[in-house]
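Visitor: need coordinates for the following:
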Amino acid sequence: MSDDLTSPPSETPDLVAAVSDGAYTLLLADFGDTETAWQAYEALKSIEDEHLEIEGVVVVKREADGTLDIQKATDHSTRSGLKWGVVGGVVLGVVFPPSILGSAAALGAAGAAAGKIRERHHRSELADQLDSAIAAGHSGLLALVSDPGAVEIRNALALANGIVESAVSDVEARDIKAAAKDAQDSDG
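Guide: Just a heads-up that it's a prediction; the model follows:
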């Protein structure tokens, strides 16, 4: 595949599941290394506009023991003023069990906010699907988006080894954004 993230890929990453209920979609892309995941992160930052809403993005690395470590996130904010990393942190906390979040302390208030809504949502099927989406030693990018089929998003994720997609209802997305706002407000 080409290193140019703006041109269409010659091959598309494997799609493990492609589900959308018209609300939001959670994307988890697997990358062979952290640098490539950060390139995709930067590409996503550059494409967000008034027509394409990206609610939250976080880059993680899966260690050999299976734990997920959150990589340092930039403070890119969405049009609603919420920081991508805070929203992504809440999504991580809601979807993944705390036992595999190696850097749970890095989530801070976002982790606490995620804990408040974790049990309100049926997440076992999604957690099972996402648990194996990032191979040990690989990095991943977790994004909550409004239009997963947008060509710009596909181009930004073109270097992914595979992508798992799962629908997130509007109610769940609102709860995640509310928890992220609470976490952001309590963090300062």
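Visitor: what's the mean pLDDT across the lengthiest helix in the chain?
Guide: Counting by DSSP state H, the longest helix found in the chain is helix 170-187. Averaging pLDDT along helix 170-187 gives 80.
Visitor: what helices or strands is it leaning on?
Guide: Here helix 170-187 touches strand 24-31, strand 54-62, helix 84-95, helix 109-118, going by 3 or more C-beta pairs under 8 Å, 6 or more residues apart in numbering; DSSP states H and E. C-beta coordinates here come from the backbone N, C-alpha and C atoms, glycine included.
Visitor: any buried residues in that helix, and which?
Guide: 172-173, 175-177, 179-184 (16 or more other C-beta atoms under 10 Å).
Visitor: which ones are touching the nearest residue to Ser80 once chain neighbours are set aside?
Guide: Sequence neighbours aside, Lys177 is the residue nearest to Ser80 in space, at 7.3 Å (criterion: C-beta to C-beta, 6 or more residues apart in numbering). By C-beta atoms under 8 Å, 6 or more residues apart in numbering, the contact list for Lys177 reads 55, 80, 82, 87.
Visitor: could you work out the most separated pair of those residues?
Guide: Ser80 and Val87 (9.4 Å; C-beta to C-beta).
Visitor: so if I had to pick from these two, which one is more boxed in?
Guide: Taking neighbours as other C-beta atoms under 10 Å, Ser80 and Val87 compare with Val87 leading, 30 against 11.
Visitor: and that one, how far is that from Val168?
Guide: Taking C-beta to C-beta, to the nearest Å as the measure, Val87 falls 12 Å from Val168.
Visitor: find residues that contact each of these two.
Guide: 144, 176.
Visitor: where in the protein is pLDDT low?
Guide: For the chain, the stretches with pLDDT under 70 are 1-22, 50-51, 72-75, 79, 81, 97-129, 187-188.
Visitor: ok, now with 90
Guide: Applying pLDDT under 90 to the chain flags residues 1-28, 44-58, 60-136, 142-152, 154, 164-188.
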